[in-house]
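Engineer: show me the folded form of this:
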Amino acid sequence: MKRILPLLGLTLLLSACGLRPVYSGGSHGAVAQALGHVEVQPIEGKGGWLVRNALNDRLSAMSGTGPGYKLVVKLDDNISGFGLRSDAAVTRERRALRARYQLIDGATGAQIFDDTAGSDVGIDVVSSEYATIAAEDTALERLSQTIADQIVARLARFAQREQSRDSSR
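Structural biologist: Next comes the predicted model:
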């Protein structure tokens, strides 16, 4: 009994803190409904193709009704060497992928959300050029997934804030 009381108290505290799940209501909730109508515009380059596919995978799982939105994403993909041997050969690279994205109202063309996302990863440069290129490609694939996760999470928080703002009016 002594162990149950602290757990019960903790549960009551958590429920009183105002914590609300972003995806409450599942695929029929307001956030999922809003995200279900986001159309990802084409993005340049191989990284753009990977990010767009990752975004479409995440957003297509949600179905929605209501106004449509366009998501415009611009990527900056940069590889820089930073580990040097005594003969000035690079031994380590850093691949950074940054995205600036804007959510556009499909009906009015107005920009309603503007943000950035980014991530980076270290790559070992080995004597095999093929292995280094394969590592760079794998890093780009992982970074694309990370960027897509960040964008969808931020759009979900934005949609939740907008829903809260609309319901309080």
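
Engineer: can you give me the pLDDT of the residue sitting nearest the centre point of the chain?
Structural biologist: Central residue of the chain (C-alpha atoms, centre = their mean): Q150, 2.1 Å from the mean position. Predicted confidence (pLDDT) at Q150: the value is 97.

Engineer: and what of D87?
Structural biologist: At D87, the model reports a pLDDT of 80.

Engineer: and for A16?
Structural biologist: In this model, A16 is scored at 52, pLDDT.

Engineer: the residue nearest to the centre of the chain and E129: what is the separation?
Structural biologist: Q150 sits 31 Å away from E129 when distances are taken as C-beta to C-beta, to the nearest Å. C-beta here means a position set from N, CA and C on the backbone, and glycine is covered the same way.

Engineer: go on, R94?
Structural biologist: Separation of R94 from E129 (C-beta to C-beta) stands at 18 Å.

Engineer: so the nearest residue to the residue nearest to the centre of the chain once chain neighbours are set aside versus T91, what's the distance?
Structural biologist: Using C-beta to C-beta, 6 or more residues apart in numbering and skipping residues adjacent in sequence, the residue nearest Q150 is A117, 3.9 Å away. Distance of A117 to T91, given as C-beta to C-beta: 29 Å.

Engineer: quick one: which of these two has more around it?
Structural biologist: Using other C-beta atoms under 10 Å as the criterion, A117 and T91 rank with A117 on top: 21 against 12.

Engineer: outside of stretch 132-141, which residues touch it?
Structural biologist: Contacts to stretch 132-141, defined as C-beta atoms under 8 Å, 6 or more residues apart in numbering, come from residues 46-47, 50, 77, 79, 93, 95, 97, 121, 123-126.

Engineer: wait, A34 sits on Q163?
Structural biologist: Yes. Contact between A34 and Q163 holds when scored by C-beta atoms under 8 Å: they sit 7.5 Å apart.

Engineer: comparing these two, which residue is more hemmed in?
Structural biologist: Comparing A34 with Q163 by neighbour count (other C-beta under 10 Å), the higher total belongs to A34, at 23 against 16.

Engineer: confirm the more buried one sits in a helix?
Structural biologist: Yes. Assignment of A34 by DSSP: H, G, I helix; E, B strand; the rest coil places it within a helix.

Engineer: now L59: which helix or strand?
Structural biologist: Remark: L59 resides in helix 45-60, with elements defined by DSSP states H and E.

Engineer: let's see that helix as PDB, backbone CA atoms only.
Structural biologist: What follows is the C-alpha trace of helix 45-60 in PDB, where atoms were taken according to Å, rounded to 0.1, in the frame of the first residue of the first chain:
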ATOM      1  CA  GLY A  45      18.400  16.700 -55.800                       C
ATOM      2  CA  LYS A  46      18.900  13.300 -54.400                       C
ATOM      3  CA  GLY A  47      18.500  14.500 -50.800                       C
ATOM      4  CA  GLY A  48      15.300  16.200 -51.900                       C
ATOM      5  CA  TRP A  49      13.900  13.000 -53.300                       C
ATOM      6  CA  LEU A  50      14.700  11.200 -50.100                       C
ATOM      7  CA  VAL A  51      13.300  13.800 -47.900                       C
ATOM      8  CA  ARG A  52      10.100  14.200 -50.000                       C
ATOM      9  CA  ASN A  53       9.500  10.400 -49.900                       C
ATOM     10  CA  ALA A  54      10.100  10.300 -46.200                       C
ATOM     11  CA  LEU A  55       7.600  13.100 -45.700                       C
ATOM     12  CA  ASN A  56       5.000  11.500 -47.900                       C
ATOM     13  CA  ASP A  57       5.400   8.200 -46.000                       C
ATOM     14  CA  ARG A  58       4.700  10.000 -42.700                       C
ATOM     15  CA  LEU A  59       1.900  12.300 -44.000                       C
ATOM     16  CA  SER A  60       0.100   9.700 -46.100                       C
END
